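Mind folding the following:
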Amino acid sequence: MATPEPNSPGSMPPVKDPEFGELLRMMHVVDIERQKRDLALQELSTDQQKARLREELEKVYAAEGATVSKGEIDAAIEAHYADRYLFKPPTRNLSYRLARAYIARFWIFTRIVVPLMVLFAMVLTVVAVVTAQIRTRHLEEERAVELRTVDLYTAVNSAHADLALVRGKVSRYAEPNAASRLDGRSLESVRSTLQRNADQLQPLDQFLLKYCPHGDPKAAITQGNYHEVGGMLAARESGLNEVKQLISTAESGLAKLDELLAAARSLDAQIADIRGTRGPAAIKERAEDAYRSGKAAIAAAEPSGARKAAGTLEQLRKSLSSLEEIRGRIEPLSREIAAIAKERAALEQKDSLIEQMSGAIAQGDLPRASASLEKLTDLKSTLDQSYSLRIVNRPGTKSGFNRFPKSNSNSKVYYLVVEAVDRENRTLSKLIVNEEDQQSKHMAVWAERVPRELYDQVKDEKQKRGLIENPVLMTKERGYLTEQPGRLQKRTGQLTHWN
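Next up is the predicted model:
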């Protein structure tokens, strides 16, 4: 018989030898099955078991020498088997509870342990976050206290600098030139304020020396004491505010002393100038009164009164200077007018104006003296001029108007617009008195009051021809005040402004 080839069709596949692990698992399965079988056989052969148990018990009692009847042994065996299949609840001891816990371990883990672990993790997280926030807040509060301390350090140093500056200024008032002009009470008040300043700064310096040495509070202020330092800072800052107020008070006192000293020097300088200047007694008396008033204001520490007195003296000094200047111009103008004048009226007007000026100078009346000088100057200018008084006669320019005067609304008044033109055809400026308000003003063009007949003639000429045939109203020659009549016989009033 032929042996089949290993890989030929119809041959059996080769059997592999089982591994050791697989053999162990197979043996374990066989043992379990055998135990189950033995247990089943044991439970099914109850009579045999009872018989074996009876024989064993008889041997035991016989060995002990005890006499036990067969009925007693059978009764005991029956009692044993009667309770064998009854349920006996377990004792609820620690072992029982541990067993129960083990049985319910999955439920306990998922329903109790896991939630407790999550809750614990959440509590730890919250505690960590809150702790971090509290620490951060404490650090920020500490930093805020440090910054306030540094600000206090800077402000106190600034206060020391201001105090030193004020003290330096105070020392200037100890000089004889200044002390003699001021009342000592004002200076003593400033010194008292400075001493109070020094007393207020002392506790601030001690505080900063302890908690901010050399301007650095980091080593002195810690988490353990920043609350205490912050509480003390409020009182120190309040003290610094008092120091600032005291320095401000001292500076105000110094400013007041400066004003008083400046006013005193101004008063002394100006009264010395006035006393050494020639001038009317009336002005010098007013100057002495103003000087005494200023000195009284300085003694009372009233800068406004001292400034007012100094201003009055300044005005009086300028008035004296101006009056002396006017006095010096009288004689030259008088000679010039006398040399030019060719009629007695001019000389009489000159003498009258000089008399008015002299009286105003003697009384110290600068406005009246200045007005008389202006008139005298204008008199000289007028005498020196040669001109014709002409109607403004230009195309497109108004040559006249009429109006109701303010003093009489029932009577219309007529004016021609005129100008003074010299022989070289130059327009001259003339001092004109406005008849409505009596104010004098130098004018190149003004309105001359004329009769209605002349106004109508000029109006008719300009309307018919566009130009005025004869625009000359009056003429004046050099050396004369009197103007020679032309188309206008007499001057009756002028206007310097009109609508």
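
Sketch out the helices for the stretch 351-499 of the chain, chain order is fine.
Along the stretch 351-499 of the chain, the segments classed as helices by DSSP state H, counting those that start in this stretch run 366-384, 452-465.

any weak-confidence spans in the stretch 101-250 of the chain?
Within the stretch 101-250 of the chain, the stretches falling below the threshold (pLDDT under 70) are 172-187.

Convert the C-alpha atoms of the helix or strand containing Arg286 to CSV, please.
Using DSSP states H and E, the secondary-structure element containing Arg286 is helix 281-299. Once side chains and other backbone atoms are set aside, the C-alpha atoms of helix 281-299 remain, and they are given as CSV (Å, rounded to 0.1, in the frame of the first residue of the first chain):
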residue,chain,number,x,y,z
ALA,A,281,3.0,174.1,45.6
ALA,A,282,-0.4,172.6,45.1
ILE,A,283,1.0,169.5,43.4
LYS,A,284,3.8,169.1,45.9
GLU,A,285,1.3,169.3,48.8
ARG,A,286,-0.8,166.6,47.1
ALA,A,287,2.3,164.5,46.7
GLU,A,288,3.2,164.8,50.4
ASP,A,289,-0.3,163.7,51.3
ALA,A,290,-0.1,160.7,49.0
TYR,A,291,3.3,159.8,50.4
ARG,A,292,2.0,159.9,54.0
SER,A,293,-1.0,157.8,52.9
GLY,A,294,1.3,155.2,51.3
LYS,A,295,3.5,155.0,54.4
ALA,A,296,0.5,154.5,56.6
ALA,A,297,-0.7,151.7,54.2
ILE,A,298,2.7,150.0,54.4
ALA,A,299,2.6,150.2,58.2
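
Now distance to Cys212 too, for the helices of the stretch 351-499 of the chain, in TSV please.
Bear in mind the C-beta positions are built from the backbone N, C-alpha and C, glycine included. Compiled in TSV, these are given as follows (distance: least, Cβ to Cβ, whole Å):
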stretch	distance to Cys212
helix 366-384	66
helix 452-465	94
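
got these as TSV, with mean pLDDT and mean neighbour count columns?
Rendered in TSV, the data for the helices of the stretch 351-499 of the chain read as follows (pLDDT from 0 to 100; neighbours: other Cβ atoms under 10 Å):
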stretch	mean pLDDT	mean neighbour count
helix 366-384	88	18
helix 452-465	88	14
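
Out of those helices, which is closest to Ala132?
Smallest distance to Ala132 across these (Cβ to Cβ): 86.1 Å, for helix 366-384.

neighbouring contacts of the closest one?
Helix 366-384 has contacts (Cβ atoms under 8 Å, 6 or more residues apart in numbering) with 319, 322-323, 326, 329-330, 333, 336-337, 340-341, 346, 349-350, 353-354, 356-357, 360-361, 430-431, 440, 476, 478-481.

Let's see that with 6 Å instead.
Residues outside helix 366-384 that contact it (Cβ atoms under 6 Å, 6 or more residues apart in numbering): 319, 322, 326, 333, 336-337, 340-341, 346, 349, 353, 356-357, 360-361, 431, 479.

Same question for stretch 264-275.
Counting by Cβ under 6 Å, 6+ apart, stretch 264-275 makes contact with 181, 287, 291, 294, 298, 310, 313, 317, all of which sit outside it.
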